[in-house]
Structure formats: structure tokens, C-alpha cells
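[1] build me a model from this:
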Amino acid sequence: MSEESKHPKPEQALETKSHHPEKPHNVPDTIFRDNGQLPSARIGIRAIAFFLDFILLLALATLIIWKIALPQARPEFMPELTEYNEAVRIWLEKEDFRSWSDLLQAYGDRTLEKYPEPNRYIADGFVFIIEIFTLCFWLYFTLSETFFSSSVGKRACRLRTISTVTLGPPPFISSIVRGGIKTAAIFFFFPFIIAVTLAAIFFNRHRQMGHDLLAQTIVIDEKTESIKKPKLPPQG
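    So this is what the prediction gives:
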């Protein structure tokens, strides 16, 4: 054996290594990598899908609240709110503020007359509104991903949520957990939970967010999905 064959040149070593790419660590790494069968979605396209869902839900929940829920459950809310707004308008005219700086200066000098305070009907009404918003968001995220593996926003962006255990639609419990965390992040712990769930992306290979990890789910990008349907033979 020649000396050259025992000690290959650096160029030859690099060439040999390039023919043997690094192997994935486990089966999920093989499936969910960018060139795998089910590539995980990137954060940018997921943000667009969430924004579309948020706008849709905001409009739908607002319609339900003002046209159905409030007139049925809190009929006194709108008359009380109208009366309160009128009291605030009269108070502002009486104080004769010409700018926000005048208001802030009067507040600092303690020369303001007592600001009109909302009564319990108004306070209870706003609590009820938040509860309905929360319920609408939670039900939407839970049911859409349980039955369709995708929300309207995800469908528009060609994304799909699947279970990392079965590779099928998320189980109902997983969808409840996933939807509950997203809803809580929006209405109760913003922006703390948002920051925590986003930070999880930097600590896993599959770009899973915090609610994905807890619910054992992953969002895949169907646009780059590399599963190819078998070609049918030409019919003669």
C-alpha cells in the first residue's frame, strides 16, 4: 500500500466526508427536519397564520358579544355604559382641558374634581365580555385543531397541527391544553407567556413552541412537505 493511500490529502478527506452527511439523532429528527417527510413550520409563517386567526376571532367574538351575549345576559350594560360616557363627557367639558398636558398637570397639582367612577353593572359587564372572548378563543383553537388539524389561518397558510406521538390529528386533550395556553397568553399573562412559549423554539430541533411541547404537537408546513404521491401508470 502506498504512502499516499495511507494518508489521503485533505481535499480527498473532505470529499469523502461530504458523501456521508450527518445522520439524524432519532426518528423525529428524520421526519420533522426541513427535508424530511413532515417539515416543521417556521416562526414567520406561523405568526401570519395566528394574526389571521386573531382578526377573524376578534370580529366573530365581538359580533357574538354585542348582538347576542350582552342583550341576553347583561341587558343593563349598554344603558349604564351610555350614561357613564355622558357623565365623562360632561366632566371633561367642565374641566375644560385643551390638551393632554393640561390634564396631566391638573392631575399632578391635585386640582381635578372627582372623576366619574363606573358602577358595578359596568364593571360586571366588562368582566363578562372578557369571559366570552376567552371562551370563544379557547373553543375555536380546541375544536378546529381536534376535528380539522388546522384553523382558518393555518389553512390559508397551508399549515397543519399534528400529534408528535401518532402523527395524526391532535387528541382532544392535547387540543384543550394547546388552545388553553394560547388563550391564556393572549388575555391573562401577556406578554409573559408569549415570551416563554417563543423562547422554547431555541431549545428544540423542531421549532416547537411552549404549547406545542406541552401538548405533544407540532405544526408542519404542507407547502414544503416532501411526501410524494405515487405516479399512476399511463392507461393504454
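[2] contact partners for Pro171?
    Residues near Pro171 by C-beta atoms under 8 Å, 6 or more residues apart in numbering: 146, 163. Every residue, glycine included, has its C-beta placed from N, CA and C.
[3] over to the one 4 residues further on?
    For Ser175, the set of contacting residues under the criterion of C-beta under 8 Å, 6+ apart consists of 141-143, 145-146, 215.
[4] now the buried members of those residues.
    The neighbour-count criterion (16 or more other C-beta atoms under 10 Å) marks 141-142, 145-146, 215 among these as buried.
[5] out of those residues, who's nearest Ser163?
    Set against Ser163, the nearest of the buried ones among the contacts of Ser175 by C-beta to C-beta is Ala215 (8.4 Å).
[6] give me phi/psi at the closest one?
    Dihedral angles phi and psi of Ala215 (degrees, to the nearest 10) take the values phi -90, psi 0.
[7] and the pLDDT for it?
    Confidence per residue is given as pLDDT, and for Ala215 that number is 92.
[8] which residues in this structure form strands?
    Under the criterion DSSP state E, the chain contains strands at 159-163, 217-221.
[9] the last one to strand 159-163, inter-axis angle?
    Using axes from the mean of the first three to the mean of the last three C-alpha atoms, to 10 degrees, one finds that strand 217-221 and strand 159-163 are set 150 degrees apart in direction.
[10] name the residues that touch strand 217-221?
    Here strand 217-221 makes contact (C-beta under 8 Å, 6+ apart) with 32, 38-42, 45-46, 145, 154, 158-164, 170, 174, 178, 206, 208, 211-212.
[11] cool, stretch 183-194 as well?
    Residues lying outside stretch 183-194 but in contact with it, judged by C-beta under 8 Å, 6+ apart, are 54, 130, 133-134, 137-138, 141, 181, 197, 210-211.
[12] what about it, how long is it end to end?
    Taking C-alpha to C-alpha, to the nearest Å, the span from the opening residue of stretch 183-194 to its closing residue is 10 Å.
[13] how about stretch 180-194?
    Chord length of stretch 180-194, first to last residue, is 13 Å (C-alpha to C-alpha).
[14] pLDDT of that stretch, averaged?
    Mean predicted lDDT for stretch 180-194 stands at 83.
[15] residues contacting Arg158?
    If you count contacts by C-beta under 8 Å, 6+ apart, then Arg158 has 221-223 around it.
[16] quick one: Ile64 and Ile31, what's the gap?
    The spacing between Ile64 and Ile31, counted by C-beta to C-beta, to the nearest Å, is 39 Å.
[17] before we move on, what about Lys94?
    The spacing between Lys94 and Ile31, counted by C-beta to C-beta, is 68 Å.
[18] burial count for Thr30?
    By the measure other C-beta atoms under 10 Å, the count of residues near Thr30 is 14.
[19] cool, the one 5 residues further on as well?
    For Asn35, the count of nearby residues is 8 (other C-beta under 10 Å).
[20] low-confidence stretches in this structure?
    Within the chain, the set of residues satisfying pLDDT under 70 comprises 1-29, 95-100, 102-113, 224-236.
[21] list the contacts of the most centrally placed residue in it.
    For the chain, the residue whose C-alpha lies nearest the mean C-alpha position (C-alpha atoms, centre = their mean) is Phe50; its distance is 4.8 Å. Under the criterion of C-beta under 8 Å, 6+ apart, the neighbours of Phe50 are Gly153.
[22] next one: the nearest residue to Leu56 once chain neighbours are set aside from Ala184, what distance?
    The shortest distance from Leu56 to any residue other than its chain neighbours is 5.8 Å, reached at Val152 (C-beta to C-beta, 6 or more residues apart in numbering). Using C-beta to C-beta, one gets 21 Å for the distance from Val152 to Ala184.
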